[in-house]
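>>> my questions are about this predicted structure, shown below with the sequence.
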Amino acid sequence: MNRNIDRILWNLKEGFSANAVCVMVITAAAPRKLPGFPGKTDERKESRPLLAGNTLGWPVFAILRKPYGNDRFWPNRPAAMPLTLPSLSFAFAGAAPRAVSVRDCVVAGWTGRDAAAMEHHIAELAVLGVPRPTATPCFYRVAAALLTQAPAIQVVGPDTSGEAEFFIYQDDTARWLGVGSDHTDRALETHNVSLAKQVCAKPVGTELWRLDEVAPHWDRLELRSHATIDGVRTLYQEGPVTTMRDPGDLIDRYTAQGGAFGAGTLMFCGTLAVRGGVRPATRFEIALHDPVLGRTLTHAYVVEVLPNAG
């Protein structure tokens with residue numbers, strides 16, 4: 001009987017959504033005693049509880065998905081629920097593109113190495129109503145499924161904008177450098193920064209450099225972005241990567257706070273101050289230039305604005 005119950009529970013578990021909370025009644029057929037006739041039973045059956053614990057006379061128990069169910073009922077369940085991870089395609093150090101899966105995406109915020117430059121960016125966002133951070137740097141976890149290499153993204157409402165950033169991707173063998181945009185909803189950011197980042201796609205480029213190849217001349221790398229605003233292509237951000245903290249320093253700080261930076265992790269590492277104030281664009285371009293080795297990482301995407309129906 002216990003084996004049958006376990007099989008039933010496992011099958012039910014497989015059919016539930018990842019965050020479902022289900023309440024089930026489990027009963028079993030048992031011979032029904034005839035009133036007034038000790039030792040006699042009716043051939044008909046009645047439902048009786050197999051599990052103790054009653055609510056309004058019925059035996060119930062809840063299966064709380066967290067994420068794969070309750071250990072009490074599935075002691076031999078897999079250690080973690082399989083995730084459908086976003087599949088991105090990167091050209092590693094000029095090699096042919098290959099597909100990878102990113103499990104964790106981290107957005108490092110307020111990463112300025114220069115206190116004055118960081119204060120300038122904080123002031124930019126304060127104009128929009130974004131509260132000052134309580135600590136710097138800080139690390140926001142966002143869904144890895146937001147990462148995209150599509151040539152266009154869709155956003156709700158006119159109050160979103162991109163940010164040129166370099167990111168670090170960790171695979172099984174090395175750390176890799178790429179470019180992307182921490183596209184963010186600026187209206188929502190005035191209420192909750194984490195949610196503002198979570199509601200927008202995170203565009204990333206398709207080419208990566210080995211981080212250890214550029215580490216010796218890291219201070220020479222230059223980051224910039226162009227934004228097409230009202231039909232005009234405008235220089236939006238420009239400056240050396242030394243404006244932000246070193247990637248190794250950010251990763252060390254993240255892990256010191258309990259974060260894990262293992263294979264399959266991608267971290268955006270901060271952005272530059274904006275020229276002319278934060279504003280939306282119909283097209284956004286990012287470039288990271290290496291003057292020493294004479295090469296540039298680039299990515300661009302179009303922004304399609306969907307109506308905000310409230």
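Nice, I can see it.

>>> and stretch 195-209, what's buried?
196-205, 207-209 (16 or more other CB atoms under 10 Å). All C-beta atoms are positioned from the backbone trio N, CA, C, and that covers glycine.

>>> all helices of this structure, in order?
2-15, 115-127, 186-189, 193-198, 211-214, 247-256 (DSSP state H).

>>> just how off-centre is stretch 104-112 within its chain?
Taking CA atoms, centre = their mean, to the nearest Å, one finds stretch 104-112 lying 12 Å from the centre of the chain it belongs to.

>>> CA atoms only for that stretch - export them in CSV, please.
Backbone C-alpha positions of stretch 104-112 (Å, rounded to 0.1, in the frame of the first residue of the first chain) are rendered in CSV as follows:
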residue,chain,number,x,y,z
ASP,A,104,22.2,32.4,-12.8
CYS,A,105,22.2,36.1,-13.8
VAL,A,106,23.4,38.8,-11.4
VAL,A,107,23.3,42.6,-12.0
ALA,A,108,25.9,44.4,-9.9
GLY,A,109,24.8,48.0,-9.1
TRP,A,110,26.5,51.1,-7.9
THR,A,111,29.9,49.6,-8.8
GLY,A,112,31.7,52.9,-9.4
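
>>> closest to Arg141 out of the helices of the chain?
Arg141 lies closest, by CB to CB, to one member of these: helix 193-198, at 7.8 Å.

>>> who touches that closest one?
Helix 193-198 has contacts (CB atoms under 8 Å, 6 or more residues apart in numbering) with 107, 109, 130, 140-143, 146, 182, 184-189.

>>> quick one: least confident of those?
Between those, the one the model trusts least by pLDDT is Val130, at 83.

>>> any low-confidence regions in the stretch 51-200 of the chain?
51-86 (pLDDT under 70).

>>> which residue ranges of it form strands?
In the stretch 51-200 of the chain, the strands defined using DSSP state E, counting those that start in this stretch lie at 54-55, 58-64, 87-92, 98-101, 104-109, 138-142, 147-148, 152-156, 160-161, 164-170, 175-181, 184-185.

>>> right, and Lys202 touches Val179 too?
No - at 11.7 Å, Lys202 does not count as touching Val179 under the criterion of CB atoms under 8 Å.

>>> about what we covered before: and which of the contacts of helix 193-198 is nearest to Leu272?
Asp182 (11.7 Å).

>>> wait, Pro280 touches Pro158, no?
Yes - using CB under 8 Å, Pro280 makes contact with Pro158 at a distance of 5.7 Å.

>>> which ones are touching the closest residue to Thr298 other than its chain neighbours?
Excluding the flanking residues, the one nearest Thr298 by CB to CB, 6 or more residues apart in numbering is Ala287, at 4.9 Å. With contacts defined as CB under 8 Å, 6+ apart, the neighbours of Ala287 are Ala164, Val179, Leu223, Arg224, Ser225, Thr296, Leu297, Thr298.

>>> quick one: the fourth one and Gln237 touch, right?
Yes - taking CB under 8 Å as the contact criterion, Arg224 and Gln237 are neighbours in contact, 6.0 Å apart.

>>> got any residues that touch both of these two?
Joint contacts of Arg224 and Gln237 (CB under 8 Å, 6+ apart) are Ala164.

>>> of the two, give the one with the bigger neighbour count.
Shown here are Arg224 and Gln237; by other CB atoms under 10 Å, Gln237 has more neighbours (20 against 17).

>>> buried sites along stretch 303-310?
Result for stretch 303-310 [16+ other CB under 10 Å]: buried residues Val303.

>>> now do the end-to-end distance for that stretch.
Its start and end residues considered, stretch 303-310 measures 20 Å (CA to CA, to the nearest Å).

>>> how far out from the middle of the chain is it?
Stretch 303-310 sits 22 Å away from the centroid of its parent chain (CA atoms, centre = their mean).

>>> which residues touch it?
152-158, 160, 162, 183, 280-284.

>>> most surrounded residue in the residues you listed?
That'd be Gly162 among the contacts of stretch 303-310, by other CB under 10 Å, with 29 neighbours.

>>> what residues are up against that one?
Ser181, Asp182, His183, Pro203, Ser225, Ala227, Ala281, Phe284, Ile286, Tyr301, Val303.

>>> quick one: terminal-to-terminal distance for stretch 280-297?
23 Å.

>>> next: stretch 119-133.
So stretch 119-133: terminal residues 11 Å apart, CA to CA.

>>> how far off centre is that stretch?
Using CA atoms, centre = their mean, the offset of stretch 119-133 from its chain centre is 24 Å.

>>> same question for stretch 268-286.
Worked out by CA atoms, centre = their mean, stretch 268-286 lies 20 Å from the chain centre.

>>> avg pLDDT for it?
On average, stretch 268-286 scores 95.

>>> what residues of it count as buried?
For stretch 268-286, by 16+ other CB under 10 Å, it's 268-274, 278-281, 283-286.
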